[in-house]
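Engineer: my questions concern the predicted model and sequence given below.
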Amino acid sequence: MSALLQLIDGWITLSPSTAGVVVERYPELSRKPQAFIWHPPYLISYSGNCEQARQELSLTSSALIYGHVGQLRPYKKLVPLAERFEQIAPPGSQLLIAGLAKDGVDSALAKLSNTRDALDFRPGSLTSEEFERVLTALDVFIAPYGNFLHSGALIHALSCGCVVVAPRVPFTCDLVEAVGSDWVITYDGEISTLTLAKAAISARSLTGERPDLSALEPSANLERLANLLVNMKTRLPKVGGSHWCEEKIPPQGQVLSKS
């Protein structure tokens, strides 16, 4: 790894506070130019609304639906969530888990679905449109992961209008600041009745709305990217290939053109 780090001229994280986590693990990076460039919102290919998505998925239109969709792997802790859901969720809530399950998660969730009335487990690969149909049908997207640095899944869920629930880590704390505590519900330790109740209140009050993700848009990050490239340029030796930097990197503070 040390040899690889020597090849790095600069580096980015996908939110402001996660750089410290990276440097803690790789102290050598503290001497390299760095910037945060927010993970951008997703362009949504599914065109339907929540009601249409629920009709297409044969879901109850009035139910409070929590869920998770994507790659279903052990580190996401979805099996423990499914085991406890009926004890900690508001009465009448449903838990929809959909996607390609691996490493024993499929059999564990399938077994639980036979004994948990609130659990709706739909295994299998999903197209992009199918993936976003499920997200659009949810009120609350739950990501009960272990320790993690960034999560594109949370950004995708927010882009589809879901309230999101996830552990309190630097990335999710940054999301709270950027998007708001009504849309991003964080918790410490295990997910609790209080956490899901807070998410339910937010989801009901925000029905039909979408979060303001303007801070995550590429246009809001261009100046930081330009400054990072300038800082990287000053560190590069004057050898073949540096001409690209001379021509393409704008003066300090000048925003790069989108064209």
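Structural biologist: Received it, and whenever you're ready, just let me know what you need. Computed from a predicted structure; not experimentally measured. Numbering: from 1, shown residues only.
Engineer: quick one, domains of this structure?
Structural biologist: In terms of domains, the chain is parsed into 2-37+221-248, 50-211 (source: automatic domain parsing).
Engineer: show me what the helix or strand where residue 176 lies is packed up against.
Structural biologist: Residue 176 is located in helix 170-179, with elements delineated by DSSP states H and E. With contacts taken as 3 or more Cβ pairs under 8 Å, 6 or more residues apart in numbering; DSSP states H and E, helix 170-179 sits against helix 152-159, strand 184-187. The way it works is simple: take the backbone N, C-alpha and C, and place the C-beta from them, glycine included.
Engineer: show me how far it is from its chain's centre.
Structural biologist: 11 Å (Cα atoms, centre = their mean, to the nearest Å).
Engineer: that older thread, any idea which of the domains of the chain is most buried?
Structural biologist: domain 50-211 (a mean of 18; mean count of other Cβ atoms under 10 Å).
Engineer: what does the helix holding residue 176 rub up against?
Structural biologist: Helix 170-179 is contacted from outside by 14-18, 20-21, 38, 148-151, 154, 158, 164, 166, 184, 186, 211-213, 215-216, using Cβ atoms under 8 Å, 6 or more residues apart in numbering.
Engineer: ok, residue 59 touching residue 96?
Structural biologist: Yes. Using Cβ atoms under 8 Å, residue 59 is in contact with residue 96, at 7.2 Å.
Engineer: shared neighbours of these two, anything?
Structural biologist: Here residue 59 and residue 96 have 65, 120, 137 as joint contacts, going by Cβ under 8 Å, 6+ apart.
Engineer: among those, which are in helices?
Structural biologist: Among the shared contacts of residue 59 and residue 96, DSSP state H puts residue 137 in helices.
Engineer: return the member of the shared contacts of residue 59 and residue 96 nearest to residue 82.
Structural biologist: Nearest to residue 82 among those: residue 120, at 10.2 Å, using Cβ to Cβ.
Engineer: who touches that closest one in this structure?
Structural biologist: 59, 94-97, 113 are the contacts of residue 120 under Cβ under 8 Å, 6+ apart.
Engineer: how near is it to residue 220?
Structural biologist: Distance, residue 120 to residue 220, using Cβ to Cβ, to the nearest Å: 37 Å.
Engineer: same question for residue 196.
Structural biologist: Residue 196 sits at a distance of 32 Å from residue 220 (criterion: Cβ to Cβ).
Engineer: how about the residue nearest in space to the middle of the chain, what does it touch?
Structural biologist: The residue lying closest to the centre of the chain (Cα atoms, centre = their mean) is residue 154, at 2.3 Å. The contact partners of residue 154, by Cβ under 8 Å, 6+ apart, come to 141, 143, 164, 166, 171-172, 175, 184.
Engineer: swap in 6 Å and give it another go.
Structural biologist: By Cβ atoms under 6 Å, 6 or more residues apart in numbering, the residues touching residue 154 are 143, 164.
Engineer: same deal with residue 169?
Structural biologist: Residue 169 neighbours (Cβ under 6 Å, 6+ apart): none.
Engineer: before we move on, what about residue 188?
Structural biologist: Going by Cβ under 6 Å, 6+ apart, residue 188 touches residue 168.
Engineer: residue 43: which of the domains of the chain is closest?
Structural biologist: Among those, domain 50-211 sits nearest to residue 43 (Cβ to Cβ), with 8.0 Å.
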